[in-house]
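[1] got a sequence here, can you build the structure:
(2 chains)
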Amino acid sequence: MNDRLAHLLVRLYPRPWRGRYGAEFEALLRTGRGGLRMSANVAWSAFREHVFPTPGLRIEQSPFQSWCVRAPWAMFGLAPLLLLAAAYFVACFILWSGWNIFLPGTNTPFVPIDGLANLYFQVGRLIYFSAPILIGWAIGLVARRQRLKAAWPAVGWILIALIGGTAQVRASRTAVLSGVGHIRMGFALGPSVHGIPDGLFHALVILSLTVLPYLIWRLQKTHSVSS
Amino acid sequence: MRSTRRVVAGENDPGMGHYSDPPLLVLASLASGPKHGHAMIEDIASICGTRLGPGTLYGAIARLEQQGWIEPLPPEERRRPYRITAEGARVLRAKLTTLRQFTKAGLQRLEAL
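    Reported below is the predicted structural model:
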């Protein structure tokens, strides 16, 4: 049978059935002689499978895939937030530890510095600024691999962009009595630039950067299907 | 055992005479050893003259596998062989025994005509 026709006929079956038998069934169809009778037999069997699905047939899903389907709110809402919180914690810890190691006498770690200390602080800075974008890309990658619709990933992107855009770090040596330094994170829209709050502008930038790879993939997919 | 009636019949099919219970045919075919889809079609055609369509065959395979009466083996290239399980062999034996009793009774009645 013609490869293209075999592939098309297999596509008539429900997704769980295809997930389990699709590859081997397509191989069988390709070795067959084809013809109208065989095609009709396959089409009828596919129709039957839709109406009377094979009992107990399940796709062998990994726990990860299963979570994506069963709890998308956790995969695209909660998990990115926890990841971002962890990344911010690491960034703040680097800031705090660098402050105590390299700048013990200063009231703030946000002072001009160079050498090894500068490198140390830049690592934390890199984690802090890249975390929302990397997590956003990860959301898009998971959505792409699992071939999910964009609704839940969009929730994750918006949350991450808003948090990333409005997050602010404040440090004060005098905030606690021991004087070991105190790092605090807050979220604020900030002052307006050209009528758009600064935080919102940053959120839009992060959103654009994180959604971009997913949009490119969707456009490529649409283009390949139409051509 | 559920029968799937749609079968791609042979050229000289008079409408009767070819046994067409695909799950049972698949079990009977696998009773002689593991086979992949194409080998099953050929084997079934040789033992009873019924040539199963690929859709019918895989409909039967899917149901038999879910019932635990056959099991898949590691794929050879893209083709996956199947083998009958102990439970499948037990079911096949019970079914064939019933058929033998049915055949015997039917033939005895014919002789009495």
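[2] state the distance from the residue located most distally from the centre of chain A to residue B:36.
    Distance from the centre of chain A peaks at residue A:37, with 46.0 Å (C-alpha atoms, centre = their mean). Computed as C-beta to C-beta, to the nearest Å, the residue A:37 to residue B:36 distance reads 21 Å. C-betas here are computed from N, CA, C, even on glycine.
[3] next: residue B:87.
    21 Å.
[4] any idea how far residue B:38 lies from chain A?
    5 Å (C-beta to the nearest C-beta, to the nearest Å).
[5] before we move on, the earlier item: out of residue B:87 and residue B:36, which sits in the busier spot?
    A direct count of neighbours by other C-beta atoms under 10 Å in any protein chain shown for residue B:87 and residue B:36 places residue B:36 higher, at 21 against 13.
[6] mind showing which ranges of chain B have poor pLDDT?
    Chain B contains residues with pLDDT under 70 at B:1-19.
[7] ok, now with 90
    B:1-22, B:47-52, B:66-67, B:73-80, B:111-113 (pLDDT under 90).
[8] tell me the helix or strand right after whichever strand or helix holds residue B:57.
    Following DSSP states H and E, one finds residue B:57 within helix B:54-67. Per DSSP H and E, the first helix or strand lying C-terminal to helix B:54-67 is strand B:70-72.
[9] up against chain A, what does chain B have?
    Residues of chain B that fall close to chain A, judged by C-beta under 8 Å from any C-beta of the partner chain: B:4, B:6, B:8, B:36-38, B:53-59, B:61-63, B:66, B:75, B:77-80.
[10] mind running it again at 7 Å?
    Counting by C-beta under 7 Å from any C-beta of the partner chain, chain B comes close to chain A at B:6, B:8, B:37-38, B:53-56, B:58-59, B:62-63, B:66, B:75, B:78-80.
[11] please indicate which of these are buried?
    Among the residues of chain B next to chain A, those that count as buried by neighbour count (16 or more other C-beta atoms under 10 Å in any protein chain shown) are B:6, B:8, B:37-38, B:53-56, B:58-59, B:62-63, B:79-80.
[12] tell me the one of those nearest residue A:148?
    Within these, proximity to residue A:148 (C-beta to C-beta) peaks at residue B:62, which comes in at 26.0 Å.
[13] which one is that closest one nearest to, not counting chain neighbours?
    residue A:54 (4.3 Å; C-beta to C-beta, 6 or more residues apart in numbering or on different chains).
[14] so what touches the host helix or strand of the residue farthest from the centre of chain A?
    Using DSSP H and E, residue A:37 sits within helix A:36-51. With contacts defined as C-beta atoms under 7 Å, 6 or more residues apart in numbering or on different chains, helix A:36-51 is touched by A:9, A:12-14, A:17, A:29, A:32, B:6, B:8, B:53-56, B:59.
[15] again with stretch B:91-103
    Under C-beta under 7 Å, 6+ apart, the answer for stretch B:91-103 is B:1, B:24, B:27, B:28, B:31, B:69.
[16] and the furthest pair within the residues you listed?
    Among the contacts of stretch B:91-103, B:1 and B:31 lie farthest apart (C-beta to C-beta), at 14.6 Å.
[17] quick one: the residue sitting nearest the centre point of chain B from chain A, how far?
    Residue closest to the mean C-alpha point of chain B, counted by C-alpha atoms, centre = their mean, is residue B:25 at 0.7 Å. To chain A, residue B:25 is 15 Å away according to C-beta to the nearest C-beta.
[18] now the angle between helix B:54-67 and the helix or strand where that residue lies, please.
    Assigned by DSSP H and E, residue B:25 belongs to helix B:22-30. With axes from the mean of the first three to the mean of the last three C-alpha atoms, to 10 degrees applied, the angle from helix B:22-30 to helix B:54-67 works out at 80 degrees.
[19] residues in chain A within reach of chain B, list them.
    In this structure, chain A approaches chain B at residues A:17, A:21, A:23-25, A:27-29, A:31-32, A:37-38, A:41-42, A:44-46, A:48-49, A:54-57, judged by C-beta under 7 Å from any C-beta.
[20] let's see that with 8 Å instead.
    A:17, A:20-21, A:23-29, A:31-32, A:37-38, A:41-46, A:48-49, A:54-57.
[21] please pick the buried ones from those residues.
    Applying 16+ other C-beta under 10 Å to the residues of chain A next to chain B flags A:17, A:20-21, A:24-29, A:32, A:38, A:41-42, A:44-46, A:48-49, A:54, A:57 as buried.
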